[in-house]
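[1] pasting the structure only:
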Ligand SMILES: N=NNCCOCCOc1ccc(-c2cn(C[C@@H]3NC[C@@H](O)[C@H]3O)nn2)cc1
């Protein structure tokens, strides 16, 4: 039997995020976010693209839900834009913002699709950034106010919440590497922000427990996978640092109540950078959660390289095939990552909250023949299946992304969607991968020989 089979109760879904799909940035009472500001600054985003119109999902959400219904998914992961709920970050609630998300959630529920809502997918209100943003602890308080407001408003409708999406991106990629908003390049600032994001996560977990005991909550750390080039101790230690930065730095505090000490020492000795932990912080951060979302795209083989970057690591190009965004295709890394997480953190329920590939195929004769995306999905869903059958407690898989959208600093050129979007007309065209995924969901798996 050459079949990849999943349990009948395995959850299949698709994912998006507010700034990447909504558009309508000046409608419905929405305030500015740091991504509005960052994308308007020349040079930050390819082709000068911004999320001003995106996929126009603010107005076309019913069409999006129809696509989800036809796809046959039981879960849709989306994010709320904090600046739609609190245009100034705190203070008065924007009822129009709440109303929009109630319309979306009601449409999902009417179509028997479970909403999985991300509170923070990087669109911090600019008004808060102007007062220090995630560098200051007041923003943690503001996030908790935002979280409590939507927990109350959607109680009984939304039963799966994700606090923070990819805190590594929202801290280090955005404030040390300068690639994402707000585009800072300061390791101490980034390390402080990473801590405050984790603290905000923990505060929101505690708030949900007070407001809605029937809902579940988790977070979605991004996780790449680096593998040592050789069995030399220096290669193994280099890779331990690289994986630690992406994985343990954001998972140990939540699941073990402490930062990985070898990296804390590395930051102190190499960069004179420290984590601004205050009494009680780690107890808050390690508040028990119901699931963890894992976002996986790519992995690599790496080795020690004295003086190379923060951790003296060189990623080797093994001529693996790459997707159109240049990321190596490494499905084995997905299996190894999932096993690693399960071995290190136990049987916490895992949802794959993002996995997908960038291929920029266009529409030809009404079709998008994205065979490479189908191949990527086959090998990566197979890796999820391997991990599941190796005892990893995986509850579901949500493809990134339902549709092509604003891919941050890459703008609209880089397409991750199962559905093609014409960003001038907003016309949606289901790709071949959409139909393959639909059929796979129906069969709860696929035949490896297909
Ligand atoms: N490590 N050092 N890098 C040095 C130089 O970095 C160059 C660029 O780096 C990165 C790293 C990671 C990403 C990234 C993108 N997505 C995809 C989104 N996930 C959430 C959802 O919104 C998707 O759109 N996930 N991760 C981008 C750029």
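    Cool, the structure landed. Being a predicted model, the structure only gives us computed values, none of them experimental.

[2] who in the protein is up against the ligand?
    Within the chain, the residues that sit near the ligand (CB under 6 Å from any ligand atom) are 17, 20, 166, 169, 173, 177, 179, 222, 295, 297, 354, 400, 407-408. From N, CA and C alone the C-beta is placed, and that goes for glycine too.

[3] just the residues you listed: which are in helices?
    residue 20 (DSSP state H).

[4] identify the farthest-apart pair in the residues of the chain next to the ligand.
    The span of the residues of the chain next to the ligand, defined through CB to CB, is set by 177 and 400 at 20.9 Å.

[5] contact partners for residue 80?
    Taking CB atoms under 8 Å, 6 or more residues apart in numbering, we find residue 80 in contact with 18, 101, 117, 118, 119, 150.

[6] kindly reformat those as CSV containing pLDDT and neighbour count.
    Output for the contacts of residue 80, formatted as CSV (pLDDT from 0 to 100; neighbours: other CB atoms under 10 Å):
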residue, pLDDT, neighbour count
18, 99, 26
101, 99, 24
117, 99, 22
118, 99, 25
119, 99, 23
150, 99, 23
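
[7] just the residues you listed: which are in strands?
    Of the positions in the contacts of residue 80, 117, 118, 119 sit in strands, assigned by DSSP state E.

[8] surely the first one touches residue 78?
    In other words, residue 117. Yes - taking CB atoms under 8 Å as the definition, residue 117 is a contact partner of residue 78 at 6.4 Å.

[9] show me how far stretch 15-32 is from its chain's centre.
    17 Å (CA atoms, centre = their mean, to the nearest Å).

[10] can you give me the strands for the stretch 151-300 of the chain?
    160-165, 216-220, 225-228, 291-296, 299-304 (DSSP state E, counting those that start in this stretch).

[11] just the buried positions in the fourth one, please.
    Counting neighbours by 16 or more other CB atoms under 10 Å, one finds that the buried residues in strand 291-296 are 291, 292, 293, 294, 295, 296.

[12] just those now: which is nearest residue 190?
    residue 295 (18.9 Å).

[13] among the residues of the chain next to the ligand, which has the minimum pLDDT value?
    Across these, no position has a lower pLDDT than residue 222, which has 85.

[14] pretty sure that residue is touching residue 245, no?
    No - shown here, residue 222 and residue 245 do not form a contact pair, counting by CB under 8 Å, at 11.2 Å.

[15] hey, what's in contact with both of the two?
    residue 168.

[16] for the longest helix belonging to the chain, which positions count as buried?
    The residue-count maximum for a helix in the chain (DSSP H) belongs to helix 187-211. Buried residues in helix 187-211, defined by neighbour count with 16+ other CB under 10 Å: 187-205, 207-208.

[17] same check on stretch 433-447?
    Under 16+ other CB under 10 Å, the buried positions of stretch 433-447 are 433, 434, 436, 437, 438, 440, 441, 445, 446.

[18] hang on, the second one packs against residue 71?
    Yes - in terms of CB under 8 Å, residue 434 counts as a neighbour of residue 71; the distance is 6.5 Å.

[19] so which strand or helix has residue 70?
    Using DSSP states H and E, residue 70 falls within helix 57-71.

[20] next SSE after that helix?
    In N-to-C order, the element after helix 57-71 by DSSP H and E is strand 75-79.

[21] now that next one: average pLDDT?
    Strand 75-79 comes out at a mean pLDDT of 99.

[22] ok so, going back, would TSV of the buried residues of stretch 433-447 with secondary structure be doable?
    Shown next, in TSV, are those (DSSP: H, G, I helix; E, B strand; the rest coil):
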residue	secondary structure
433	helix
434	helix
436	helix
437	helix
438	helix
440	helix
441	helix
445	strand
446	strand
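
[23] point out where the stretch 201-350 of the chain drops to low pLDDT.
    Within the stretch 201-350 of the chain, no range satisfies pLDDT under 70.

[24] the residue of it found nearest the ligand bridge partners, please.
    Closest to the ligand within the stretch 201-350 of the chain is residue 222: 5.2 Å, counting by CB to the nearest ligand atom. As for beta bridges, residue 222 partners with residue 295 under DSSP bridges.

[25] report the contact partners of it.
    Residue 222 neighbours (CB under 8 Å, 6+ apart): 166, 168, 169, 246, 295, 354.

[26] 6 Å instead?
    166, 168, 169, 295 (CB atoms under 6 Å, 6 or more residues apart in numbering).

[27] name the member of the residues you listed with the most neighbours.
    With neighbours taken as other CB atoms under 10 Å, the top of these is residue 166, carrying 26 neighbours.

[28] spatially nearest residue to residue 380, not counting backbone neighbours?
    residue 331 (4.9 Å; CB to CB, 6 or more residues apart in numbering).

[29] can you pull the contacts of the one you found?
    379, 380, 383.

[30] then residue 258?
    Contacts of residue 258 (CB under 6 Å, 6+ apart): none.

[31] again, only using 10 Å
    252, 264, 277, 282, 285, 286 (CB atoms under 10 Å, 6 or more residues apart in numbering).

[32] keep only those of these that are in helices.
    252, 264, 282, 285.

[33] burial count for the first one?
    Right, the one you point to is residue 252. The burial count for residue 252: 21, using other CB under 10 Å.

[34] without its sequence neighbours, what residue ends up closest to it?
    Spatially, and ignoring its direct neighbours in sequence, residue 252 is nearest to residue 260 (5.1 Å; CB to CB, 6+ apart).

[35] how about residue 166, nearest residue that isn't a chain neighbour?
    residue 222 (3.8 Å).

[36] with residue 191 instead?
    residue 273 (5.2 Å).

[37] I'd guessed residue 360 sits against residue 325; true?
    Yes - Residue 360 lies in contact with residue 325 (CB atoms under 10 Å); the separation is 8.8 Å.

[38] next, show the common contact partners of these two.
    413, 414, 415, 416.
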